[in-house]
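Participant: sequence plus the predicted model coming up.
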Amino acid sequence: MHGSPHLFGDVMTQTVVAVGPGATFKEIVKAGSVTAEELMPAPAAVTVHADATLIRAARTVAQHRAERLPAVTGTGGLRGVVGRSDLLNVFLQPDEEPAEEIRHHMVPLVCPSLVPVAARLVRAVEGIVDVRCHLTGPGPRGEAT
């Protein structure tokens, strides 16, 4: 199966501008503060590493009630930014896309005794919210949504 898990860097906007904490109002046009330091959350900005999974990024956004989440490099440099809607779009793909991938790549390999294990594995796939297994004929038939 391709693309699982999705990474934060896959969906972030990479064209971003960074300013230092002493940047003046003229450098931060229309930001509503005198310096960049006044704009930043205290004690530090909420960020995520660009290689973080989307699940991790979504949890960080939810925990901090952030509208946007900057992605940083291992040295703390700015790599990009993701908004809430960017994170959600990955999980809003049509049901048939992940279901067809699972039917094509997984179902043919599963014997009936492994169906419960396969169902647990499928539930762990990003974008899957429900799994229904139908055992008919010589092999298992499953549905993922």
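Facilitator: Okay, I see it.

Participant: may I have the phi/psi pair for the residue nearest in space to the middle of the chain?
Facilitator: Centroid check for the chain by Cα atoms, centre = their mean gives L54 as the closest residue, at 1.8 Å. Note on L54: its backbone torsions stand at phi -70, psi -30 [degrees, to the nearest 10].

Participant: report the secondary structure state of K26.
Facilitator: helix (DSSP: H, G, I helix; E, B strand; the rest coil).

Participant: er, A71 I mean
Facilitator: What three-state DSSP gives for A71 is strand.

Participant: which residues touch the closest residue to it other than its chain neighbours?
Facilitator: Leaving aside its chain neighbours, A71 sits nearest to A50 (4.1 Å; criterion: Cβ to Cβ, 6 or more residues apart in numbering). C-beta here means a position set from N, CA and C on the backbone, and glycine is covered the same way. By Cβ atoms under 8 Å, 6 or more residues apart in numbering, A50 lies in contact with 7-9, 12, 71-73, 79-80.

Participant: and A50, how far from H134?
Facilitator: 40 Å (Cβ to Cβ, to the nearest Å).

Participant: what do you get for L7?
Facilitator: For L7, the distance to H134 - Cβ to Cβ - is 33 Å.

Participant: settle it for me: which of those two has more neighbours?
Facilitator: L7 (17 against 10; other Cβ atoms under 10 Å).

Participant: the more buried one bridge partners, please.
Facilitator: Beta bridges link L7 to T53 when assigned by DSSP bridges.

Participant: who touches it in this structure?
Facilitator: Counted by Cβ under 8 Å, 6+ apart, L7 has contacts 50-54.

Participant: report pLDDT for it.
Facilitator: Note on L7: pLDDT of 72.

Participant: what's the answer for S113, then?
Facilitator: Reported pLDDT for S113: 84.
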